[in-house]
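Asker: I would like to see how this sequence folds:
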Amino acid sequence: MTTAALTAGLERIPDQLGYLVISEDGVLASAGELENDEHTACVMMEMVRTASRFRLPGSADPPFKRMSVILDDFVYTVTVSGQKVFVVKRQNNQQEPISI
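Answerer: So this is what the prediction gives:
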């Protein structure tokens with residue numbers, strides 16, 4: 001699969017600050033604030049491996065498809081598809097709670 005095919009939709013995500021496409025072999029594609037960010041790639045892959053161990057008894061389904069890591073200023077959205085992990089760093093546009 002070409003890099004363009006891997007990243008086709010990632011460039012169009014609103015408030016996107018950067019992205020990583022990762023496999024077990026390493027980073028396949030990266031851009032923006034995550035370009036060549038091997039450290040973040042390793043941390044995200046370790047989180048995916050850890051979360052993948054939490055299977056429900058008797059379930060053949062993967063334990064999750066998407067995971068969010070929410071910080072004050074930005075959010076990492078991690079999606080597992082096939083043998084690839086897609087990480088998108090987005091601006092965290094938290095809204096204040098509405099007081100009535």
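
Asker: Strands of this structure, residue ranges please.
Answerer: 16-23, 26-32, 66-70, 74-81, 84-91 (DSSP state E).

Asker: how far off strand 84-91 does the third one point, in degrees?
Answerer: For strand 66-70 and strand 84-91, the angle between their directions (axes from the mean of the first three to the mean of the last three CA atoms, to 10 degrees) works out to 30 degrees.

Asker: Other residues contacting strand 66-70?
Answerer: 47-48, 51, 75-80, 92 (CB atoms under 8 Å, 6 or more residues apart in numbering). Heads up, the C-betas are built off the backbone N, CA and C, glycines and all.

Asker: returning to that earlier point: with residue 55 as the reference, name the closest of the strands of the chain.
Answerer: strand 74-81 (13.6 Å; CB to CB).

Asker: got the buried residues for that closest one?
Answerer: Within strand 74-81, the residues that count as buried by 16 or more other CB atoms under 10 Å are 74-78, 80.

Asker: quick one: strands adjacent to it?
Answerer: strand 66-70 (antiparallel), strand 84-91 (antiparallel) (DSSP bridges).

Asker: Export the longest one to PDB, keeping only CA atoms.
Answerer: Read it as strand 84-91. Provided in PDB are the C-alpha atoms of strand 84-91 (Å, rounded to 0.1, in the frame of the first residue of the first chain):
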ATOM      1  CA  LYS A  84      -1.900  -0.700  11.300                       C
ATOM      2  CA  VAL A  85      -2.400   1.900  14.000                       C
ATOM      3  CA  PHE A  86      -3.400   5.400  13.000                       C
ATOM      4  CA  VAL A  87      -2.700   8.200  15.500                       C
ATOM      5  CA  VAL A  88      -4.000  11.700  15.000                       C
ATOM      6  CA  LYS A  89      -3.100  14.600  17.200                       C
ATOM      7  CA  ARG A  90      -5.900  17.200  17.300                       C
ATOM      8  CA  GLN A  91      -6.500  20.400  19.100                       C
END
